[in-house]
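**Student:** 3D model of this:
(chains A and B)
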Amino acid sequence: MSSASSPVPSPHESNLVQQLRQSLGMLQVAFDAASEAMLIVDVDRKVHWANQASAELLVGGVPIQVVNRTLADLMEVQALDSHALAARGLLDPGQSLPRSAGESRCHLLLPGGKSSPVQLLRWRPVELIQAPFVLMTIRDLSPEERALVQQQRFMTSLTHELRTPLAIVSGNLQRMARLSPLSDAISKRLTMAREEMVRIQRLLENLTLLTRLEVDPDVLACSDQPLLPLLQQWCHLSGERSAALELLWGNTIDSAVVHIDPGALMLALDHLLDNALQHGEVDKPLKLQVLPLDGSGYCTLELSSCSDDAIVDPDVIEAWLSPFTKGGLQRDGEQVEGPGLGLSVARQLTLGWGGDLAVNQHPSETGTETVVRISLPLSAQASTSTAPAAAQTDPA
Amino acid sequence: MTSQVAWTEDRIRQLREQEDLPFVRADAVGIVQEINARFTDVYGWTCDQLLGQSLGLILPPSFRDSHHAGFARFKLTEVSKVLNHPLKLATYCADGRALDSEHFIVAEKADDGSWSFAATLRPLPVSP
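**Tutor:** Next up is the predicted model:
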C-alpha cells in the first residue's frame, strides 16, 4: 500500500464540495422517502437514476442495482387501459422517447415472472441540455382500487335496495294520474312528483355507471366503427330532441373510422345534448360539428350551444366536470333540473374509450357560446391512411 | 467503543485478511485509502492510480451518479441498505472493462465520529 497523492483542494473548493454533497444527500433522502418508484431513463431505455422504492419494486435491492439496466430487462408492461401502445413504447429503444407526458394503469411483470399489483405508470419528458431523458413514476394503485371496488359494491347495493321502492312509488303515481277527475293543482303536483321519480332513477343509473367506469374504464367494448353511420343513428334515435341541432361535418367524416364503444358514444352525446338543451336558449344555434382531421390520431366532435348568460371563469367550467356540479339553471316547477352528472358521465365515457372531453366558453354574435369537445381515437388503420403527410413524419 | 463498532472493525479486519479476494478501503468522503495486491491482479488498478481518488473510479461511469448520491445520503443518515450483505455490481477495470463482481461492503465508525468503508469484491463468471 502506498500513500494517497492527489492535488489538494483549496479550502473554498472543499467547502463547496461539502455543500454539494450535503445537497445531494438531502435530495437522495427525499427521493428515497417517496413511496412512488421513480426512474430516469435515457434514450437507450437504460436507467440513469433510480430511487429506493424503484429498487425495492424492481430488484428487491438498492438503486445502484437498477442503474444502467434496460427497462426491458427490469419489467414488462401489461397495460389495463387504452394506453398500452404508449406504455410499451417506453420500453422499446427502437422508438423515440415520448415528447409528452402520459400515464397508464398496468400490471408490471417483474424479473422472475412475478406480477405486480395494479400500478399507475406515469412518464414525463425531461429535456436536459446534453440529452433527453424520461422520468417515470410507478405508484401502487391497489389500495385505491380496493376503495373503488368497495364504492362500487356500495353503489350496487344502494341501487338494488332503492329500485323496488322507487318502482312501487312510480307505479302508484301513474295509477293516481289516471284517476279522474283530478284538479289542475293535484294533476300538476302529480306530474312534478313523477318527473322527480324519473330524475331519481336516472341519478341512480348515472351514479352506478360513473362508479363502474371509475373502477374499470375497460368496461367499454371498443371496436373500429365508421363514424358517420353512428352519428346518423344517434340523430335518428334522439328524435325531436335533436331536431334543432345543426349538423356540420365535412368530407373527412365519410372515411373516418373510430375505435370506440358505440353505445358509450351515444350515451355521451345524449348527456351533452341534454345539457345543451337545458342550458342553451331555444332560439339560439345548437351545433354538432365534426372537426377536420388534424393528424393527431383523434377525431374531434364539437357540440356548441348559446345562452344569454355571462361567461364564467375557467375554474368554474373545470368544476362542471365534477359530479353534482350544476350550471345556472334553477328549479321553477316547469323545467326539471338535472343532477349535475351529465358532463361527468360523458367525460368518464370519453376517457374510457381513450379520448378526452374539454369545455370552454367564448363570446359570439348570438351570446355566450359553450363548446364541448370530445375526442375519439381513430382506428390504427384509419389513422395511418388519413393523417396528413406532415403529421406522419412527426417522430413523436 | 460500542459493540456494533467492534463488530464492524472486526469485519474490516476479516475482509482484509481474505487475501485471495480483492479488497478496497475508503475514508469518510469516499477517497480510496487502501487496496490489496489481489485487487490489482484482478482489476488492473495500481496503488498509484487509485489511492487518493474517488471510489467512484472503480464503478462504470453510468453508476457514479447513483454511487455519489448514495454516499452523500449515508453521510446524512448513517443508514444504508448496501452494507453487510453480498451485492452484485459492475466493477470498472483500469483498462475500461466492466466486470460483474459480488461486493461485500462494511462500514466502520471511529471514535472521532468519522466513517471508513471497506469491501471485498468477488469477480463473477462472465455470462455466456
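
**Student:** quick one, grab the pLDDT at A:I253.
**Tutor:** We have a pLDDT of 79 for A:I253.

**Student:** wait, does the longest strand along chain B contact chain A?
**Tutor:** When chain B is parsed with DSSP state E, its longest strand is strand B:98-109. No. With C-beta under 8 Å from any C-beta of the partner chain as the criterion, chain A is not reached by strand B:98-109; the gap is at least 9.0 Å. Just so you know, the C-beta spots here come from the backbone N, C-alpha and C atoms, and that holds for glycine as well.

**Student:** which residue is nearest the centroid of chain A?
**Tutor:** For chain A, A:L351 is the residue whose C-alpha lies nearest the centre (C-alpha atoms, centre = their mean; 3.6 Å).

**Student:** and the gap between it and chain B?
**Tutor:** Distance, A:L351 to chain B, using C-beta to the nearest C-beta, to the nearest Å: 37 Å.

**Student:** roughly how far is the longest strand of chain B from the heart of the chain?
**Tutor:** 5 Å (C-alpha atoms, centre = their mean, to the nearest Å).

**Student:** can you give me the strands in chain B?
**Tutor:** Using DSSP E, strands in chain B cover B:23-26, B:32-35, B:86-92, B:98-109, B:115-123.

**Student:** mean confidence for the longest one?
**Tutor:** In this model, strand B:98-109 has a mean pLDDT of 90.

**Student:** over to A:E281: give its phi and psi.
**Tutor:** phi -90, psi 140 (degrees, to the nearest 10).

**Student:** correct me if wrong: it contacts A:G367.
**Tutor:** Yes. Between A:E281 and A:G367 a contact is recorded at 6.9 Å, counting by C-beta atoms under 8 Å.

**Student:** what number of residues lie near the residue of chain B found nearest chain A?
**Tutor:** Nearest residue of chain B to chain A: B:G52, at 2.9 Å (C-beta to the nearest C-beta). Residues contacting B:G52 under the criterion other C-beta atoms under 10 Å in any protein chain shown number 18.

**Student:** quick one: pLDDT of it?
**Tutor:** 92.

**Student:** follow-up on the earlier one: SS state for the residue nearest to the centre of chain A?
**Tutor:** The local conformation at A:L351, judged by DSSP: H, G, I helix; E, B strand; the rest coil, is helix.

**Student:** if we can go back for a sec, mean neighbour count added to the strands of chain B, as CSV?
**Tutor:** Output for the strands of chain B, formatted as CSV (neighbours: other C-beta atoms under 10 Å in any protein chain shown):
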stretch, mean neighbour count
strand B:23-26, 22
strand B:32-35, 21
strand B:86-92, 19
strand B:98-109, 19
strand B:115-123, 21
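
**Student:** picking that back up, who touches the longest strand of chain B?
**Tutor:** Where contact means C-beta atoms under 8 Å, 6 or more residues apart in numbering or on different chains, the residues beyond strand B:98-109 that reach it are B:5, B:8-9, B:11-12, B:15, B:22, B:42-43, B:60, B:74, B:78, B:80, B:82-93, B:115-124, B:126-127.

**Student:** filter those residues down to the ones close to chain A.
**Tutor:** B:60, B:74, B:82, B:87-90.

**Student:** give me the low-pLDDT residue ranges for chain A?
**Tutor:** Chain A contains residues with pLDDT under 70 at A:1-7, A:217, A:325-339, A:381-396.

**Student:** show me the strands in it, by range?
**Tutor:** A:37-41, A:47-50, A:76-79, A:102-109, A:119-127, A:132-140, A:223-226, A:245-249, A:257-260, A:286-290, A:298-307, A:357-364, A:367-377.

**Student:** which of A:E281 and A:G367 has more residues huddled nearby?
**Tutor:** Neighbour comparison, A:E281 and A:G367: the larger count goes to A:G367, with 18 against 15 (by other C-beta under 10 Å).

**Student:** quick one: the more buried one from chain B, how far?
**Tutor:** 58 Å.

**Student:** shared neighbours, A:E281 and A:G367?
**Tutor:** What both A:E281 and A:G367 touch, as defined by C-beta under 8 Å, 6+ apart, is the set A:306-308.

**Student:** kindly list the longest helix within chain B.
**Tutor:** Taking DSSP state H as the criterion, chain B has its longest helix at helix B:61-77.

**Student:** next up, the contacts around the residue nearest to A:Q52 when sequence neighbours are not counted.
**Tutor:** With sequence-adjacent residues excluded and distances taken as C-beta to C-beta, 6 or more residues apart in numbering or on different chains, A:Q52 is closest to A:D32, at 3.9 Å. Counting by C-beta under 8 Å, 6+ apart, A:D32 touches A:51-53, A:63, B:73.

**Student:** for the stretch 51-200 of chain A, just list every one of the helices.
**Tutor:** With helices called from DSSP state H, counting those that start in this stretch, the stretch 51-200 of chain A shows them at A:52-58, A:71-74, A:84-89, A:142-178, A:184-215.

**Student:** winner for burial among these?
**Tutor:** helix A:52-58 (a mean of 22; mean count of other C-beta atoms under 10 Å in any protein chain shown).
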